[in-house]
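Enquirer: Build me a structure from this.
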Amino acid sequence: MTAGQETLRTRIRVKGIVQGVGFRPFIYNLAKRHNLKGFCLNDSEGVLIEAEGRVADIEMFITGIRESPP
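Expert: As a prediction, the model looks like this:
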């Protein structure tokens with residue numbers, strides 16, 4: 001396998017205002033764009049995301065969350 005082709009499963013925690021701003025649909029569409037599998041749910045701390053896919057795709061996914069949240 002080449003760099004970035006390995007599969008990774010990661011847990012991401014997002015805190016702050018996430019309800020009522022379209023955050024979960026944003027995460028769904030971003031994950032779909034990067035061919036990731038997993039789930040996203042709201043809890044008492046904010047949003048919990050678990051994503052699985054190629055390392056390079058997960059890195060781009062995390063960058064997308066940081067750089068262009070709803």
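Enquirer: what residue ranges in this protein score low on pLDDT?
Expert: Flagging of the chain using pLDDT under 70 yields the residue ranges 1-4, 17.
Enquirer: Next, the distance between the ends of stretch 25-43.
Expert: End-to-end distance of stretch 25-43: 16 Å, with Cα to Cα, to the nearest Å as the criterion.
Enquirer: I meant to write stretch 39-49 there.
Expert: With Cα to Cα as the measure, stretch 39-49 spans 6 Å from end to end.
Enquirer: buried ones in that stretch?
Expert: Buried residues in stretch 39-49, defined by neighbour count with 16 or more other Cβ atoms under 10 Å: 40, 47, 49. (C-beta placed from N, C-alpha, C; glycine too.)
Enquirer: sec struct for the second one, please.
Expert: To tie it back to what came earlier, the one meant is residue 47. Put simply, residue 47 is strand when judged by DSSP: H, G, I helix; E, B strand; the rest coil.
Enquirer: From residue 26, how far off is it?
Expert: Applying Cβ to Cβ, to the nearest Å, the value for residue 47 to residue 26 is 10 Å.
Enquirer: Check the first one too.
Expert: To residue 26, residue 40 is 9 Å away according to Cβ to Cβ.
Enquirer: what do you get for the last one?
Expert: Relative to residue 26, residue 49 is positioned 11 Å away (criterion: Cβ to Cβ).
Enquirer: Now do the helices in the chain.
Expert: Taking DSSP state H as the test, the helices found in the chain are 23-33, 55-67.
Enquirer: for the ones you listed, which one sits closest to residue 9?
Expert: Between residue 9 and the helices of the chain, the shortest separation by Cβ to Cβ is 8.8 Å, and it involves helix 55-67.
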